[in-house]
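1. task: produce atomic coordinates for the following.
(one chain, ligands or ions: 1)
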Amino acid sequence: MISIKGLTVKYETSGGIVTALSDIDMSIADGDIVAIIGPSGCGKSTLLHVLAGIIGDYEGQVLIKGQPVNPREQRIGLILQDYGLLPWKTVYENAVLGLKIKGEVIDQVYAEYILKRLGLADMASRYPNQLSGGQRQRVAIARSFILKPDLLLMDEPFSALDEITRESMQDLFLDIWRQYKVSTLFVTHSIEEAIYVGHRIVVLTPSPGRIQDRIDNPLFGMDDLRLSDDFYHINMQIRRMLKEDGAHFYEA
Ligand code: ADP
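-> Okay, here's the model as predicted:
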């Protein structure tokens, strides 16, 4: 269980203090998948950075299994938009890096299964500069999946991928989630992705980000999502919220 109470994050800048997140209350039950959606600059990445332990200077309380965030003790998988790969390590070495850093035994069969499912098996000995952007993104995804984290954090993990690859990566994520039920919080700007991949959808207001609404999503993982009436209603509900704020918003 992840519990967030009264989380407020401020940045000090030369132009003064910027409040990025304001009074966020949220809990993520074990095995829950929460999609965070909101306009650019509303603090989505800030929230992920707090949960990943990258930002430790905040007001409020953030607990993972009752303990303050500590990436050394908790298994936190983080998939960032800029991939975070080490250029001098091969695809395979990058993919198992999370376990290596923790000094843990690498389950090679599982690592190879994930690389295969991500279409990376044939390029395991390549270096990141020999890969396309989409392939690098998939290595970052592989690294987090191979770690089997207690908490998986994803910042627009599929947005750099073309539509077909994106859909197959979403399905792979759901397959892996069904197997391991990893608690996940992911940021997306795609309403459709939030509806397909999120159990719950949390909509944030424009900066400073507050929680505007929480939607229990009945359409999670549903095939032929777009054919459902509920899809239309939830889509419109979110769209309206984002538009009412005059927020600049776009769909994938
Ligand atoms: P999002 O991910 O939703 O686009 P961010 O979390 O990146 O939003 O940013 C939230 C707000 O905090 C924005 O106004 C942004 O300009 C500001 N911000 C983010 N990082 C920093 C930083 N390191 N220093 C100062 N301001 C920042």
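2. report the contact partners of residue 63.
-> Going by C-beta atoms under 8 Å, 6 or more residues apart in numbering, residue 63 touches 2, 3, 69. (Glycine included, C-beta is placed from N, CA and C.)
3. bridging across strands, which residues link to it?
-> residue 3, residue 68 (DSSP bridges).
4. so how far is residue 114 from it?
-> Using C-beta to C-beta, to the nearest Å, we find residue 63 at a distance of 29 Å from residue 114.
5. follow-up on the earlier one: buried subset of the contacts of residue 63, written for PyMOL?
-> The buried residues among those can be selected in PyMOL (16 or more other C-beta atoms under 10 Å) with this line:
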select buried, resi 2+69
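6. dump the contacts of residue 63 to a markdown table, plus pLDDT and distance to residue 23.
-> A markdown table is the format used below for those (pLDDT from 0 to 100; distance: C-beta to C-beta, whole Å):
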| residue | pLDDT | distance to residue 23 |
| --- | --- | --- |
| 2 | 94 | 17 |
| 3 | 96 | 15 |
| 69 | 94 | 18 |
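7. surely residue 169 is in a helix?
-> Yes. Assessed with DSSP: H, G, I helix; E, B strand; the rest coil, residue 169 lies in a helix.
8. the ligand contacts on the stretch 101-250 of the chain?
-> Contact residues, the stretch 101-250 of the chain versus the ligand (C-beta under 6 Å from any ligand atom): residue 207.
9. so, low pLDDT: which residues of the stretch 101-250 of the chain?
-> Within the stretch 101-250 of the chain, the segments meeting pLDDT under 70 span 244-250.
10. count the residues that sit near the residue in it positioned nearest to the ligand.
-> Nearest to the ligand, among the residues of the stretch 101-250 of the chain, is residue 207, at 4.6 Å (C-beta to the nearest ligand atom). Other residues lying near residue 207 total 19 when counted by other C-beta atoms under 10 Å.
11. that one and residue 44 touch, don't they?
-> No. Residue 207 is beyond contact range of residue 44, at 10.5 Å (criterion: C-beta atoms under 8 Å).
12. distance of the spatially most central residue of the chain relative to residue 167?
-> Centroid-nearest residue in the chain, with C-alpha atoms, centre = their mean: residue 154, separated by 1.8 Å. Distance from residue 154 to residue 167, counting by C-beta to C-beta: 16 Å.
13. next one: residue 104
-> 32 Å.
14. how about residue 186?
-> Separation of residue 186 from residue 167 (C-beta to C-beta) stands at 15 Å.
15. okay, these two: which has more neighbours?
-> Using other C-beta under 10 Å, the more surrounded residue of residue 186 and residue 167 is residue 186, with 24 against 14.
16. does that one lie in a helix or a strand, and which?
-> For residue 186, the host element (DSSP states H and E) is strand 183-187.
17. tell me what that strand is packed against?
-> Counting contacts by 3 or more C-beta pairs under 8 Å, 6 or more residues apart in numbering; DSSP states H and E, strand 183-187 packs against strand 16-28, strand 33-37, helix 44-52, strand 151-155.
18. could you identify which of these is most buried?
-> strand 33-37 (a mean of 25; mean count of other C-beta atoms under 10 Å).
19. now do that strand and strand 151-155, the angle between them.
-> With axes from the mean of the first three to the mean of the last three C-alpha atoms, to 10 degrees as the basis, strand 33-37 and strand 151-155 are set at 20 degrees to each other.
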